[in-house]
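Student: All I have is the shape, not the residue letters:
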Ligand SMILES: Cc1cc2nc3c(=O)[nH]c(=O)nc-3n(C[C@H](O)[C@H](O)[C@H](O)COP(=O)(O)OP(=O)(O)OC[C@H]3O[C@@H](n4cnc5c(N)ncnc54)[C@H](O)[C@@H]3O)c2cc1C
């Protein structure tokens, strides 16, 4: 990749600096603009009557009393609403064989999970809408529910969709080398384990919500959306409500966390759009916490039987596994619910050089909340399969787990190359990351401490993970399969008369600091003080067209587009400056808002003077000079399907063997996300990700009764990690910029979530190893740990 | 998650409040700190016609050391109790337990009376009252009465306080020289309701004597197991295996987090750890 390579070394570059984020003060001052803050004239409120059963036939729903209730403006059943909105099917053509049934925003004939919206009530207040929901009289016939994914494919299990012959949604097999012979070879030790990964969900601080506002005079639908992909939502509202795409405007102001939860098509949000169009007035829907637990997508829910073989010398000969995952009754639209399983098949063992690999994945329908992409899609499963088996192998042959990794990690100088599963890899640094990790954690010291503590009856464990993370996806992720999801992003940089930059981008901000790094890149590359950069994102009407922020793509793709746009604007401005100052362009530069002499930094002309000349006194310019003080650039990843990053992490835990309680004492993460744009933001992304990973490993699980009732849909019962229990998290970096861009940034947002669970599981099993016990189920709740300790 | 409509009254005297409760004929419910009641209203689990806000009743206020012990007005907030001078000397068990009850934000509003009235089986305060032999003062249509903690906690969210009665105050008897206290709870996260916990008072430690052990987070209510206390009285508390067999008297409950069996084990662990801490 060619480009302005010098930009990172400039004295006024903000790239690489821990620049405070511009929006922090506003948010702290309570000036956030979240969806629920919005009050529009004539706005009404939606509440939903949701299925109390996991599976039921809808014989009819009597809404007469609800319609007559105080404050009620309208009531729509699924059957009524379906006249105004087309159903959707969550399949993608590149996931060959994936099938799902048409899904309606409000269920029409059958309810297929507890919490599925059946009726929408619109009233003057949310409380009135909820009152009216209580008056709805449904005739529902409860049907047997398919809850357990492990029996979903059994012949005696009811089939959820009559158009299909079974509850299988998708399956895929990867078979490389000859795993059976490799395992049968002399001297090879094979370990086999069954892993269970519980369902969990994102628990965003700001719940899902929307305000949909329809103006019939312009046939314009404006959707205020708490989410990550405004342009995708624009297409979806347009397509299914029958409104021209250009007449749908999607606005994402502040978003209070998303983690992948708010990037899907939710019936309640679509229904709010339909109601706005039918009523010609704004409709607000804000999911309450109960609705969030019941209807936000869940993730994980995998049962994996896996084997790894290792030679006497510690060489991994291969991995063989079978992944079964339950996705709820439909594949989520439009990203589908097969991606997580696909990622598991693609990513397992990707850090290691091995010859043989066989992976089978099956995705099944069941009567639970829909499962889909949540932070670090598939990664925690893939990393746990390979790295927990690796440490199991290490124990079996009596080798140190770090030494086994040293022996098997792909060499830092061996790229570009493919993973055994066929993923294209480049610019990775597993070896450097592992060495740095063992150094910063004082590995030897911890092992000495562990031995001493064991003698005193204290069970401490150290666990590792070497991981890859999929970031910066190319069109191969979704676009190729027919999803209306842009893989490229755009950035616009405009110089105003006062010398300030207005920048806009199609990537979005959900609290991670997207806007801050866009400002840093533009200010640094162009050459103005960051205070003079104003950032706009999250409005389909005003920003360039693009994919938004997900799959750790914001900085890598949107950031590169911004870099290119800022650089282009700089060249345009210098061309004008060269004419005005009668100086060759190569002899000029822009620094701190001034055109300067390159090399000496001698100030020649403030940008404001230049811009005012162009905008106000064009008469002073030669008539053939047509300055453009605005530049737009777009960027996509083209030569690779994804840009992989890598990291090495370690956990130090103490297991109370009398109770099964696990205390995480310390966590270390060495992350290589390529160029670090803002170390403060990257470190917090890694830490937040680690905490979410610890949540998945130790705390969080959506628990269902055998009838398919979600039993812990409150913050008191579904427990998320809290600050008091979180360990010190030490973050360090290796910077191997990706060659696919000038910026060189890869993603960093999902590493912690993807890697931490495996490291924690390894640490727990290391702690339990003197007892000859081990656990293979997440979350590793105290009771589960205790049960394995007590098991004979 | 919005509460259905209800009437709201904020009486300024105990008599007025009791009259409102009586007139409500079961449809009126007292509101203290709201930390438990408001979620129940929003979940529509509790649907009272009227809330009688107790925050304006002078009779339910006050927190003072009397010759009999520490008298805690029902509307005393956890945070006020935490800030009471020398609490760790006057009532060491309470001082030890308070930081484990929820979080600052909840302790800033939640009241002692509210906790005792609600009688959540996993709440700390009821077990502490049992351990300390506290007395709960009630007032109602038939006049004031005092109920010993031992007679107060009857079942799952069920207490001796009638729907038309109010808790006015709680008396924690003065501690005696030589009294010792132990407290331990098992929680996955600090501030959560316990998976099992104990609050202990003993009038001696070598040997243990006059033990009162309140268990919480184990069954349908906070409770004591007197046979277990008897088995420990007179011992030095280091070998408790035999005494633990009396835990079988408890009807341990399972929930989404743990089974009844694990809970029974945890109750024994909590007791062992509390005693150990108390004795060292
Ligand atoms: C996140 C969270 C965590 C929590 N964790 C814990 C914990 O770890 N341990 C714990 O013990 N508690 C915990 N709680 C509960 C908290 O302590 C409650 O505040 C307390 O149990 C009730 O006190 P309140 O003043 O808020 O009562 P309210 O919620 O106002 O009332 C509770 C009930 O008592 C009745 N009532 C209140 N006062 C009187 C009175 N004087 N006479 C008769 N009836 C009355 C009300 O009618 C209502 O039924 C937690 C709460 C939350 C929200």
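Tutor: Received it, and whenever you're ready, just let me know what you need. Note that the structure is predicted; figures quoted are calculated from it, not measured.
Student: Name the residue of the stretch 251-400 of chain A that lies nearest to chain B.
Tutor: Residue nearest to chain B within the stretch 251-400 of chain A: residue A:288 (3.8 Å; Cβ to the nearest Cβ). C-beta here means a position set from N, CA and C on the backbone, and glycine is covered the same way.
Student: any idea how far that residue is from the ligand?
Tutor: 16 Å (Cβ to the nearest ligand atom, to the nearest Å).
Student: tally of neighbours for that residue?
Tutor: Residue A:288: 17 surrounding residues under other Cβ atoms under 10 Å in any protein chain shown.
Student: How about it: what's its closest non-neighbour residue?
Tutor: Leaving aside its sequence neighbours, residue A:288 sits nearest to residue B:1 (Cβ to Cβ, 6 or more residues apart in numbering or on different chains; 3.8 Å).
Student: same check, this time on residue A:786
Tutor: residue A:660 is the one closest to residue A:786 (Cβ to Cβ, 6+ apart), at 3.2 Å.
Student: how many neighbours does the one you found have?
Tutor: Other residues close to residue A:660 by other Cβ under 10 Å number 26.
Student: Residue A:436: which element?
Tutor: If you go by DSSP states H and E, residue A:436 is part of helix A:430-441.
Student: Would you mark the buried spots in that helix?
Tutor: Under the neighbour-count criterion of 16 or more other Cβ atoms under 10 Å in any protein chain shown, helix A:430-441 has A:430, A:431, A:432, A:433, A:434, A:435, A:436, A:437, A:438, A:441 buried.
Student: which ones among the residues you listed come in contact with chain B?
Tutor: Among these, no residue lies close to chain B (Cβ under 8 Å from any Cβ of the partner chain).
Student: ok, those residues vs the ligand, which is closest?
Tutor: Closest approach between the buried residues of helix A:430-441 and the ligand, by Cβ to the nearest ligand atom: residue A:441, at 34.5 Å.
Student: from what I can see that closest one touches residue A:670, true?
Tutor: No: with contact defined as Cβ atoms under 8 Å, residue A:441 does not reach residue A:670; the gap is 9.4 Å.
Student: List the residues that contact residue B:101.
Tutor: Going by Cβ atoms under 8 Å, 6 or more residues apart in numbering or on different chains, residue B:101 touches B:78, B:107, B:110, B:115, B:123, B:124, B:125, B:191.
Student: Narrow those residues to those in helices?
Tutor: Among the contacts of residue B:101, the members falling in helices (DSSP state H) are B:78, B:107, B:115, B:124, B:125.
Student: Dump those residues to TSV, plus pLDDT.
Tutor: Output for the ones in helices among the contacts of residue B:101, formatted as TSV (pLDDT from 0 to 100):
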residue	pLDDT
B:78	98
B:107	98
B:115	98
B:124	98
B:125	98
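Student: would TSV of the residues you listed with neighbour count and distance to chain A be doable?
Tutor: Below are the ones in helices among the contacts of residue B:101 laid out as TSV (neighbours: other Cβ atoms under 10 Å in any protein chain shown; distance: Cβ to the nearest Cβ, whole Å):
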residue	neighbour count	distance to chain A
B:78	26	17
B:107	21	15
B:115	26	15
B:124	28	15
B:125	30	17
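Student: from those residues, which single one is nearest the ligand?
Tutor: residue B:115 (3.7 Å).
Student: How about the contacts made by the nearest residue to that closest one once chain neighbours are set aside?
Tutor: Leaving out its chain neighbours, the residue that sits closest to residue B:115 by Cβ to Cβ, 6+ apart is residue B:125, at 4.3 Å. Neighbour list for residue B:125: B:97, B:101, B:112, B:115, B:116 [criterion: Cβ under 8 Å, 6+ apart].
Student: ok, now with 10 Å
Tutor: Residues in contact with residue B:125 (Cβ atoms under 10 Å, 6 or more residues apart in numbering or on different chains) are B:72, B:78, B:81, B:94, B:97-98, B:101, B:110-116, B:118-119, B:134, B:170, B:199, B:214, B:216, B:222.
Student: What of residue A:557?
Tutor: Counting by Cβ under 10 Å, 6+ apart, residue A:557 has contacts A:471-474, A:486-491, A:505-507, A:546-547, A:549, A:551, A:634-637, A:643, A:740-741, A:743, A:745, A:747.
Student: From residue A:553, how far off is the closest residue to it other than its chain neighbours?
Tutor: Take residue A:557 and drop its neighbours on the chain: the residue closest to it by Cβ to Cβ, 6+ apart is residue A:489, 5.0 Å away. For residue A:489, the distance to residue A:553 equals 8 Å [Cβ to Cβ, to the nearest Å].
Student: Identify the contacts common to those two.
Tutor: Joint contacts of residue A:489 and residue A:553 (Cβ under 10 Å, 6+ apart) are A:507, A:546, A:547, A:559.
Student: secondary structure class for the nearest residue to the first one once chain neighbours are set aside?
Tutor: Same thing as residue A:507. In this structure, residue A:507 finds its nearest non-sequential neighbour in residue A:558, 3.2 Å apart by Cβ to Cβ, 6+ apart. Secondary structure state of residue A:558, per DSSP: H, G, I helix; E, B strand; the rest coil, is helix.
Student: who touches residue A:558 in this structure?
Tutor: Contacts of residue A:558 by Cβ under 10 Å, 6+ apart are A:472, A:488-491, A:505-508, A:514, A:517-518, A:521, A:537, A:544, A:546-549, A:635, A:743, A:745.
Student: Give me the residues contacting the helix or strand of chain B with the lowest mean pLDDT.
Tutor: Least confident helix or strand of chain B, by mean pLDDT, DSSP states H and E, is strand B:204-205 with a mean of 90. For strand B:204-205, the surrounding residues in contact (Cβ under 10 Å, 6+ apart) are B:176, B:178-180, B:182, B:210-211, B:233-234, B:236-237, B:275, B:278-280.
Student: isn't residue A:250 right up against residue A:225?
Tutor: Yes: with contact defined as Cβ atoms under 10 Å, residue A:250 counts as touching residue A:225 (5.2 Å).
Student: My guess is residue A:694 contacts residue A:761. True?
Tutor: No: contact criterion Cβ under 10 Å: residue A:694 and residue A:761 do not qualify, at 11.0 Å.
Student: Mutual contacts of those two, please.
Tutor: Counting by Cβ under 10 Å, 6+ apart, the residues touching both residue A:694 and residue A:761 are residue A:651.
Student: pLDDT of stretch A:686-702, averaged?
Tutor: Here stretch A:686-702 scores 98 as its mean pLDDT.
Student: Wondering if the lowest-mean-pLDDT helix or strand in chain A reaches chain B at all.
Tutor: Sorting the helices and strands of chain A by mean pLDDT, DSSP H and E puts helix A:24-28 at the bottom, at a mean of 93. No: judged by Cβ under 10 Å from any Cβ of the partner chain, helix A:24-28 stays clear of chain B, getting no closer than 17.7 Å.
Student: Residues in contact with that helix: which ones?
Tutor: In contact with helix A:24-28 (Cβ under 10 Å, 6+ apart) are residues A:21, A:31, A:32, A:33, A:34, A:254, A:256, A:511, A:513, A:516.
Student: check contacts around the residue in the stretch 251-400 of chain A positioned nearest to the ligand.
Tutor: Closest to the ligand within the stretch 251-400 of chain A is residue A:289: 12.0 Å, counting by Cβ to the nearest ligand atom. Neighbour list for residue A:289: A:203, A:207, A:713, A:714, A:715, A:718, B:1, B:42, B:43 [criterion: Cβ under 10 Å, 6+ apart].
Student: Quick one: which of those is the most crowded by neighbours?
Tutor: So for the contacts of residue A:289 (other Cβ under 10 Å), the most neighbours sit at residue A:207, 23 neighbours.
Student: before we move on, the earlier item: tell me which entries of the shared contacts of residue A:489 and residue A:553 lie within helices.
Tutor: Going by DSSP H, the helices hold residue A:559 from the shared contacts of residue A:489 and residue A:553.
Student: Alright, I will stop here.
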